[in-house]
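Peer 1: Pasted the sequence and its predicted model underneath.
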Amino acid sequence: MIILETQDLKFSYPDGTKAIKGVDIKLEKGKKIAFVGQNGSGKSTLFLLLNGTLKPSGGRILFDGEELQYDSKSLKKIRQKIGIIFQNSDDQIFAPTVYQDIAFGPSNLGHSKEKVKAKVNEMLEYFGIEDLKGRPPHHLSGGQKKRVAIAGVVAMEPQVVILDEPLANLDPVGADELMDVLNELNHMGTTLIISTHDVDLAYRWADYVFFLVKGEIIGEGKPVDVFRDTELLQKAHLRLPITFDIYREIERRNLAHSGRNPKTVPDLVNALKPPDLMWVEVPPETQVGEVLNLGVLYGEYALDSPYEAVNGKVLHIHSNGKAIVELTRHGFKAGGIIIYDMDRFDPESLKHFVLDGGIDVIGAMGKRSKTLAEQHCIAVNISSGVIDRAILMALCGKRCMILTNGGMIPHSLNRINEYINRSGIAISVSIANPQ
Amino acid sequence: MTKMLDDYALMSPLRYTNNWLKIGLVLFGILMGVSSGSPAVPFLIALCMGTATVVISKMPLKQYLKILSGPASFVILSVIVIAFFFGGGQELFGFNVLSYHLGVNVEGLEMAFLVFSRTLGGMTCLFFLALTTPMVELFAVLKKSKLPDSFIEISMMMYRYIFVFLEVALSIKYAQTVRLGYKDLRTSLNSLAMLASTLFLRSWEQGEKIFISMNARCYDGKMAFYEETRPLRAPETILALFYVVVVVFVWYITNGTGWMR
């Protein structure tokens, strides 16, 4: 059932800035919904539109199938049903004590004094903040303030609760506690909408995700679907969720079952694959524990790179001359990393390097390089964690080019050489256009 | 962050006693102290109020003395002046400064004592109130005393945001200090001006944000008050009555009869 819907919603600020440029969303009742986007992508503006604080300059908003009206009576009704919790709790908690702040909402609904009292006490108990009730807000920690702010909104019994960056300024434990509170609220039937730029949170927690970039929805869907779309993530200036990133890398090394979507560490562990075992015929004098050179595999037997040198450690020898071996594969063609100095950028020479060098992957590091690449329509595959990813790609036999400039060049060289020294795996590193 | 008077009051065990009782006692103490002609009554009041603040209300003695020492230093200075330049009668001691005679006489000393005791009594009374009754409790008192609602609402919000802006001001000041914003008078003035203007803009923005957030919770122009009732309990009432009786008794036997005579 759709509880909240917008149709071609538009909003511009009085100075003419278009903050929301035609947003169509349908939010299902009882779901956990996350809006993901950079700072300044219009998340907060959209939220203020949804509860009627801002009036759209175009399009309409439907709550429970009814269009939002902007007279004060209808607004009061809609604001009771859609609670909003702001990023900064100090903007929200204005009463001198916690008790009075939580009582503010219910008393505005015109309840009797006794009913308000009962409601506030219920909230204090529900959120575990009874011992804070007489305290002034400046005696509370960030996490406590957030709880009070949420309690003040939930006391009005809203059907939808909107939270703008709920985990901002919270320590990890406080954040976990808050997520528990939110999950419980959702369990009781409240539809939750949060905004965040934390992809891990959105991937792990949400039922449905919207990507908001510069006031437009550029993608939506279930987290497992949208977060695997690297192109979409790049457009939204986001990175892969960390569990998914780790999973992809171990899957690529054939250490994990493919086609899983691990959201948590246990999921990730579950996706791990047993060691790569194989029956092979062995010479009769072979002993258990010996390492055999099984030669070079290619084609469909080589899993990670075009050619693989495969060794097998003998685990068990069968009587008929066969043995179980655990395979270790070494990519034959280790890839390479080429660093291109964007301070001496020349579109022709870069094109030449990319084509002749057989470059598979291009990464850009630093704002200047990214902008230059964008201006010259160079398809950048990696834009965050560039060095680590380039190393990972090179390990899989890919050839990577890193576009960067200035002091980041020696820095990347150092990082890559460090890795080579530590791992003993030879990756060829060079600068494409040295001084 | 350093603790403010209000912080001590919030943690005081006397916070939850009846506010009117506390205010009554303080008013009573001040009136008795001022109307007494003998220093004995104000001294007694100061002793009782000081003890109540430190022992019952659990104010750390060191901090209490520190707070008292602020106004006390002014009082001591003025008392010395009074002792030397006022009154007549028998001279107790004196000396010459460059052919000008300075001396302390009986009446002057008596007056100095009286002034000292009265100020001390008044100060301890006021500090008792300040250290046991936080602002958040006083709002209920303001409400009961029929002050206009908008006045109380504004003061409630002011109270709340004083602390928010105090924090902002402090962090701006730190940010300026670490970049040598207060290295000499010129830069200090400049930095202070920037701090003040930023703070003004911030409070303006904050006001708008609060209005939005209040509207989001269906604000309709009225804030309801939900003060906790603080019932009078027997022990504290009896203690207060006992104190009143003792002070009145001492006032009665010492009044009009000079303490020194």
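Peer 2: Received the coordinates, thanks.
Peer 1: Spatially, which residue comes closest to A:Asp229, not counting chain neighbours?
Peer 2: A:Gly219 (7.0 Å; Cβ to Cβ, 6 or more residues apart in numbering or on different chains). Just so you know, the C-beta spots here come from the backbone N, C-alpha and C atoms, and that holds for glycine as well.
Peer 1: how near is the one you found to B:Tyr174?
Peer 2: Plainly put, A:Gly219 is 42 Å away from B:Tyr174 if you go by Cβ to Cβ, to the nearest Å.
Peer 1: between those two, who's got more neighbours?
Peer 2: Between A:Gly219 and B:Tyr174, A:Gly219 has the larger neighbour count (other Cβ atoms under 10 Å in any protein chain shown), namely 19 against 11.
Peer 1: Beta-bridge partners for the more buried one, please?
Peer 2: When bridges are called by DSSP bridges, A:Gly219 pairs up with A:Phe211.
Peer 1: hang on, the earlier thing: residue contacts, the residue nearest to A:Asp229?
Peer 2: Remark: with contacts taken as Cβ atoms under 8 Å, 6 or more residues apart in numbering or on different chains, A:Gly219 is in contact with A:210-211, A:226, A:229, A:232, A:235-236.
Peer 1: Generate a PyMOL selection restricted to the buried entries among the residues you listed.
Peer 2: Buried residues among the contacts of A:Gly219 (16 or more other Cβ atoms under 10 Å in any protein chain shown), as a PyMOL selection:
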select buried, chain A and resi 210+211+226+232+236
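Peer 1: Sitting in strands, which of the contacts of A:Gly219 do you find?
Peer 2: Mapping those onto strands (DSSP state E) picks out A:210-211.
Peer 1: Which one of the contacts of A:Gly219 is nearest to chain B?
Peer 2: Using Cβ to the nearest Cβ, A:Phe210 comes nearest to chain B of the contacts of A:Gly219, at 21.3 Å.
Peer 1: these two touch, right, the closest one and A:Val36?
Peer 2: Yes. Using Cβ atoms under 8 Å, A:Phe210 is in contact with A:Val36, at 7.0 Å.
Peer 1: Check the gap between the residue nearest to A:Asp229 and chain B for me.
Peer 2: A:Gly219 is 29 Å from chain B, where distance means Cβ to the nearest Cβ, to the nearest Å.
Peer 1: check contacts around B:Ile172.
Peer 2: If you count contacts by Cβ under 8 Å, 6+ apart, B:Ile172 has them with B:195, B:198-199.
Peer 1: which element follows whatever helix or strand it lives in toward the C-terminus?
Peer 2: Taking DSSP states H and E as the definition, B:Ile172 sits inside helix B:149-178. Downstream of helix B:149-178, the first helix or strand assigned by DSSP H and E is helix B:185-216.
Peer 1: what is the mean pLDDT for that following helix?
Peer 2: For helix B:185-216, the mean per-residue pLDDT is 90.
Peer 1: Equivalent analysis for stretch A:115-127, please.
Peer 2: Stretch A:115-127 carries an average pLDDT of 90.
Peer 1: list the buried ones in that stretch?
Peer 2: Going by 16+ other Cβ under 10 Å, stretch A:115-127 has these buried residues: A:116-117, A:119-120, A:123-124, A:126-127.
Peer 1: Run through the residues of chain A sitting next to chain B.
Peer 2: Residues of chain A lying close to chain B by Cβ under 8 Å from any Cβ of the partner chain are A:48, A:51, A:53, A:76, A:79-80, A:83-84, A:86, A:88, A:90-97, A:99-100, A:103-105, A:107-109, A:113, A:116-117, A:120, A:134-139, A:152-153, A:156.
Peer 1: Check these for burial and list the buried ones.
Peer 2: Buried among these (16+ other Cβ under 10 Å): A:48, A:51, A:53, A:76, A:79-80, A:83-84, A:86, A:88, A:90-97, A:99-100, A:103-105, A:107-109, A:116-117, A:120, A:134-139, A:152-153, A:156.
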